[in-house]
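Asker: fold the following.
(one chain, ligands or ions: 3)
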Amino acid sequence: MATVIVIGTQWGDEGKGKIVDLYAQEADVIARFQGGNNAGHTLVVKGEQTIVHLIPSGILHNGKICILGNGMVINPKVLLQEIDELEERQIFPPDTKLFISEYAHIIMPYHQRLDSARENRKGKAKIGTTGRGIGPAYEDKISRAGIRFCDLLDDEIFREKLKNNLEEKNFYLTEFCKEEPVDGEIIYKEYNEYADRLRKYAANTSVIIDREFKKGKNILFEGAQGCHLDIDHGTFPFVTSSNTVSGSACCGTGFGPTKVDAVVGICKAYTTRVGEGPFITELTDETGERIQKVGKEFGATTGRKRRCGWLDMVLVKQSVRVSGITGIAITKLDVLTGIDRLKICAGYKTDDGVFTEHVPSNLKVFKNCRPIYEEFDGWADDITKLRNFEELPVAAKRYIQRLEELAGVPVILISVGAGRNETIIRKSPFEKKG
Ligand code: GDP
Ligand code: IMO
Ligand code: MG
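Answerer: Numbers count the residues shown, from 1 in each chain. Ligands and ions are numbered 1, 2, ... in the order given. Modelled structure (predicted):
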């Protein structure tokens, strides 16, 4: 029995969905703990692709408990669309149970409106959000004005909270943003229908996780985004509005940190970023384009082209530190096949010539850092069919070994293709103290 947290070590889209789907085979409970439908997690099973935004990536396995934790912000319309789609495709497993925390906050139409209005006002200085209303929904949570799932389910409370919120939001939308107001009656009716359909999934999910834990079940926590999009530890303000680091799994589900056994950091074999913000190892040349094309680096949520660059171990090392990562899962190693020379960034030089192994807090300093690279031979052989570390080309093994040395923790898995089985497993995190 073990408890495992999976998180992204970079700027999101590291392949968390694929790895969570794979690990879910061994888990009994799979819980999301932060973020909302800004996430897009891709699962590929027997060649068939499923993208989930809110539902945990364990959903394709039968007999599991899938939880949307209290730390999430949930758009009920998107959640219902996801449930409907899985049911239409007849891939919602009959014995899998879905639960939504009564404490999770709800994304309202005015959150989305505010998200895009703010981005528009910022112009060139925009963050490049997913436009899903994530920031404004978390703002309301922190300011204690937000509507929780349990509030949505209580007609009296919902009406009252909606009314109070609308006064403020419509004032802001019309007076400050010079936009049209939102219509309270339409929202009330629409959300009432969502409440009716979602009521059966409502639960105190902390109690459920605790109950399963006490039965000796394996618990898997699924992070969204990545450590460098964390509101505290990321490249602020070019971040998302939640804590994406491993510690968030505990507050985002109501589970104590003393019961966590392993933290797996998912690390793409190179670096990508969607949206704005500094990216020290970004490649704007042919190699960057090649990685973008071969890696099919398009956002799973917004379809935007992902910016691509060399592997930045300064970022990954920080994630190991901040999240207490015990093992790294490398993804998309196959995408680097065929590139003659590879580079790994092991440190930065700031504008005034100072060497640093840490991400500078001052964005101006960070933006002007230059990468210090180590160079490696590439490999040309197809590695997608390999299932054993020893079979990898020598150059690929060297690349991984250096990554491992720089990270200071073992590489426990190497993904060589999008499919569930296209994976080299060195150690399961469910073996205690992974
Ligand atoms: P997530 O947000 O971290 O779950 O990642 P995304 O699903 O947004 O993006 C990862 C993309 O890479 C998806 O299209 C996956 O199907 C794909 N993928 C995951 N692992 C691998 C891999 O090892 N090789 C290749 N070629 N694709 C992969
Ligand atoms: P997954 O879980 C990559 C980025 C957005 C933007 C910033 C803020 O699939 O890895 P937001 O809408 O959250 O306010 O946007 O964060 N972002 C992601 N980038 N993967 C994600 O999720 C992301 N979720 C948000 O592009 O730069
Ligand atoms: Mg994604």
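Asker: in contact with Asn62, which residues?
Answerer: Pro93, Pro94, Asp95, Thr96 (C-beta atoms under 8 Å, 6 or more residues apart in numbering). Where C-beta positions appear, they are placed from N, C-alpha and C, glycine not excepted.
Asker: drop anything exposed from the residues you listed.
Answerer: For those, a burial check counting by 16 or more other C-beta atoms under 10 Å picks out Pro93, Thr96.
Asker: next structured bit after whichever helix or strand Ile372 is part of?
Answerer: In the assignment (DSSP states H and E), Ile372 maps to strand 370-377. Downstream of strand 370-377, the next assigned helix or strand under DSSP H and E is helix 394-407.
Asker: who are the neighbours in contact with the one residue sitting closest to the centre of the chain?
Answerer: Residue closest to the mean C-alpha point of the chain, counted by C-alpha atoms, centre = their mean, is Ala224 at 1.9 Å. Contact analysis of Ala224 by C-beta under 8 Å, 6+ apart lists Gly8, Gly12, Lys16, Arg32, Gln34, Gly35, Asn38, Ala39, His41, Thr244.
Asker: hey, what's the fourth one bridged with?
Answerer: What it means is Arg32. Going by DSSP bridges, Arg32 is paired in beta bridges with Leu68, Glu222.
Asker: ignoring the adjacent residues along the chain, who's closest to Thr205?
Answerer: Ser101 (4.3 Å; C-beta to C-beta, 6 or more residues apart in numbering).
Asker: quick check: which element contains Gln81?
Answerer: Judged by DSSP H and E, Gln81 forms part of helix 76-88.
Asker: tell me which parts of this structure are close to ligand 2?
Answerer: 8, 11-13, 38-41, 127-130, 132, 134-135, 224-226, 229, 238, 240-241, 274-275, 300 (C-beta under 6 Å from any ligand atom).
Asker: out of the residues you listed, which sit inside helices?
Answerer: Ile134, Gly135 (DSSP state H).
Asker: surely Ile30 is in a helix?
Answerer: No: Ile30 is assigned strand when assessed by DSSP: H, G, I helix; E, B strand; the rest coil, not a helix.
Asker: got the contact list for it?
Answerer: With C-beta under 8 Å, 6+ apart, Ile30 has these contacts: Val20, Ala24, Pro56, Ser57, Gly58, Ile59, Lys64, Ile65, Cys66, Ile67, Leu220, Glu222.
Asker: 7 Å instead?
Answerer: Val20, Ala24, Pro56, Ser57, Gly58, Lys64, Cys66, Leu220, Glu222 (C-beta atoms under 7 Å, 6 or more residues apart in numbering).
Asker: then Leu311?
Answerer: Here Leu311 is in contact with Ala269, Tyr270, Thr271, Ile344, Cys345, Leu403 (C-beta under 7 Å, 6+ apart).
Asker: tell me the average confidence for the strand holding Ile372?
Answerer: On average, the pLDDT along strand 370-377 is 98.
Asker: identify each buried residue in that strand, please.
Answerer: Pro371, Ile372, Tyr373, Phe376.
Asker: and the angle from that strand to helix 394-407?
Answerer: 150 degrees (axes from the mean of the first three to the mean of the last three C-alpha atoms, to 10 degrees).
Asker: and strand 370-377, what does it pack onto?
Answerer: strand 341-349, helix 394-407 (3 or more C-beta pairs under 7 Å, 6 or more residues apart in numbering; DSSP states H and E).
Asker: which of the ones you listed sits most buried?
Answerer: strand 341-349 (a mean of 19; mean count of other C-beta atoms under 10 Å).
Asker: okay, angle between that strand and helix 394-407 too, please.
Answerer: Using the same axes, to 10 degrees: strand 341-349 against helix 394-407 is 20 degrees.
Asker: strand 341-349 pairs with which strands, parallel or anti?
Answerer: Applying DSSP bridges, one finds strand 341-349 paired with strand 311-312 (parallel), strand 355-356 (antiparallel), strand 370-377 (antiparallel).
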